[in-house]
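Colleague: I'd like to go over a predicted model; first the sequence, then the structure.
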Amino acid sequence: MDQLLAMRALARVIEAGSFTRAADSLNMPIATVSKLVRELEKHLGVRLLQRTTRRVTVTPEGEEYYAKSGRILRDIEDIDGAFNLARGKPRGHLRVDVGGSTARDVLIPILGDFMARYPDIRIDLSVSDKSIDMVGENADCVIRGGAMESSSLVARQLGEAVLITCASPGYLKQFGTPAYPDELKNGHRLVSYVSSNTGRPVPFRFARNGDKSEIKVDHIIGINESNAHMAACVAGLGVIQTFGYAAATALRDGTLVEILPEWRPARYPFQIVYPQARHMTHRLRVFVDWLLEAFPQRVAECPRSKQHTVETKSRRQ
């Protein structure tokens, strides 16, 4: 048995979720991939995958072996990469975890530039609003907003996003445009962003002339994914607070309107985070350097709302 090849086959099956997709990405027959995994299981004396006609499920032993063998495969890539470094050609596999709207509106639109600069680096994007265990899930880096929670991680500042409050023109026509944050407590519908990590809604925050406030009221709907959160606002379900870059297209075309612009809270910092203990590969280094160059302007984007005809109906007399 070629154990190294078997490790790669198992990793690709787990990552792809099927033997068919794994075989395609490895450019191997399905029978060869299946045989490699069976031989690995026989060698280890444990079942790594549960196979049915419909799906492939990873066993606890398979998850543990995948995590540990993944580090070995990365070390081998690093060794190979060191030789390519001398020739100035970083290559290998880079796993990046990023939130939903950040992936859609910031990273993916500019990623083509990185791929053109470094065509030998293969990128896998894990897109989710939920925090991950970087080491356990073999992520090279994570792009996230907010304060860093662990001192064992290295964080580099990538820029700051504008936080805005917005609603659809149809919603504002029906419920009126508030002139003060407190008016959101009476007669308005709030669509809260619910943290995937805590399960709690994020309060609406406001600031003006040094005065800060939060609004915590029952929401009409709570959503724990940023793209769906934005879609709910566009659909006229209520008022949201979100990043300016996420609402940029909708603001330009008039699908959404910013409200309470003078009450914007403090800007929200974004960072790229990676484990301190892990050797920083050449491919990760060039990715970080590229992000530091390309990310800040994109994440700070927040165009003005398109001129609209919705009448302001302040409830404060």
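Modeller: That came in fine, so what should we check first?

Colleague: could you use CA atoms for every contact and neighbour count after this?
Modeller: Noted.

Colleague: who does the helix or strand of the chain with the lowest mean pLDDT touch, helix- and strand-wise?
Modeller: Taking mean pLDDT, DSSP states H and E as the measure, the helices and strands of the chain show their lowest mean at helix 60-86, namely a mean of 79. In this structure, helix 60-86 makes packing contacts with helix 3-16, strand 92-98, helix 282-299, judged by 3 or more CA pairs under 8 Å, 6 or more residues apart in numbering; DSSP states H and E.

Colleague: give the contact list for residue 297.
Modeller: residue 159 (CA atoms under 8 Å, 6 or more residues apart in numbering).

Colleague: quick check, pLDDT for it.
Modeller: The score at residue 297 is 89. That number is its pLDDT.

Colleague: do the same with residue 301
Modeller: The predicted structure scores residue 301 at 84 on the pLDDT scale.

Colleague: now the helices and strands packed on helix 60-86 as TSV including distance to residue 35?
Modeller: Formatted as TSV, these follow (distance: least, CA to CA, whole Å):
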stretch	distance to residue 35
helix 3-16	9
strand 92-98	24
helix 282-299	32
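
Colleague: right, and these - which one's nearest residue 176?
Modeller: When the helices and strands packed on helix 60-86 are ranked by distance to residue 176, counting by CA to CA, first place goes to helix 282-299 at 29.9 Å.

Colleague: tell me the first helix or strand C-terminal of the strand or helix carrying residue 246.
Modeller: Following DSSP states H and E, the helix or strand that holds residue 246 is helix 244-253. Sequence-wise, the next helix or strand downstream of helix 244-253 (DSSP H and E) is strand 257-259.

Colleague: average pLDDT across that next one?
Modeller: Averaging the model's pLDDT scores along strand 257-259 yields 96.

Colleague: next structured bit after it?
Modeller: The C-terminal neighbour of strand 257-259 among helices and strands, as given by DSSP H and E, is strand 268-275.

Colleague: how about residues contacting that following strand?
Modeller: Contacts of strand 268-275 from elsewhere in the structure, counted by CA under 8 Å, 6+ apart, are 134-135, 140-147, 152-163, 288.
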